[in-house]
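J.: pasted the sequence and its predicted model underneath.
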Amino acid sequence: MKYIFILFFALTIISCSNENSKNGDKFYSQGEYEKAVEAYTIYLNTEPRDIKTIYNRGRAYEELGEYELALKDFNRVIKEDPLNVNAHLSIMADYYDRLNDYENTIFFAEKVLKLDETNAYAFTLKGKAHQKLGQLPEALSDYNAAISVDKEYAEAYLSRGALRVYTKQTSRACSDFRMAQTLGVEKADELIKKYCR
């Protein structure tokens, strides 16, 4: 009887803590990021190596503007699972979007591409970083690679089009903007009006 009670108690704790992870997901999807962090943290107190929950908490921290805590979680995911593409992507995006550290953006993009050589987002962000550094042939190569692996990745067309405008290849840029427009990117309409006749 004593063992049955212990087993029941253990199963109840696991069930309750798993519920906290699900609650965290629910709060995250509703935009209640502080509550999501709280629920994920409670769950991680009993399951400290649950990679999905660590990553999700990092995303919630990111939404709250708590970037250092987010990066800490993303790095923790990589420590537990060095092949986790999502964590590498999140770190790469942080270097590009927030820190404007384009060298590290390229470094992490290359890490992602070693793990997933068909990741159009990584190729595109790598291209944008090369472009910011003035490395235009490399940027064009990255955009071409992104389109090669995913012909429907609109952001790559948009970025390649912007590069082509900069290098005075307007007609080719317009082809890229039209393709992005076909793929549903609203910003393409504005660029077509501005650069294409």
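T.: Structure received. A quick note: this is a predicted structure, and the numbers were derived from the prediction, not measured. Numbers count the residues shown, from 1 in each chain.
J.: low-confidence ranges in this protein?
T.: 1-18, 20 (pLDDT under 70).
J.: list the buried residues for the stretch of helix or strand Ile106 belongs to?
T.: Assessed by DSSP states H and E, Ile106 sits inside helix 102-115. Of the residues in helix 102-115, 102, 105-106, 108-109, 111-113 count as buried by neighbour count, 16 or more other C-beta atoms under 10 Å. From N, CA and C alone the C-beta is placed, and that goes for glycine too.
J.: now do stretch 60-71
T.: Neighbour-count burial for stretch 60-71 [16+ other C-beta under 10 Å]: 60-63, 66, 69-71.
J.: of these, closest to Ile91?
T.: Relative to Ile91, the closest of the buried residues of stretch 60-71 is Leu71; by C-beta to C-beta it sits at 6.6 Å.
J.: show me what contacts the closest one?
T.: The contact partners of Leu71, by C-beta atoms under 8 Å, 6 or more residues apart in numbering, come to 58, 91, 94.
J.: next, format the residues you listed as a markdown table and append secondary structure, distance to Arg172 and neighbour count.
T.: Formatted as a markdown table, these follow (DSSP: H, G, I helix; E, B strand; the rest coil; distance: C-beta to C-beta, whole Å; neighbours: other C-beta atoms under 10 Å):
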| residue | secondary structure | distance to Arg172 | neighbour count |
| --- | --- | --- | --- |
| Gly58 | helix | 39 | 27 |
| Ile91 | helix | 33 | 23 |
| Asp94 | helix | 32 | 19 |
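J.: which one of those residues is nearest to Asn23?
T.: Ranked by distance to Asn23 (C-beta to C-beta), these are led by Gly58 at 17.1 Å.
J.: can you tell me the element the residue lying closest to the closest one once chain neighbours are set aside falls in?
T.: Nearest in space to Gly58, with sequence neighbours left out and distances taken as C-beta to C-beta, 6 or more residues apart in numbering, is Asp73 at 3.2 Å. Here Asp73 sits within helix 67-80, counting by DSSP H and E.
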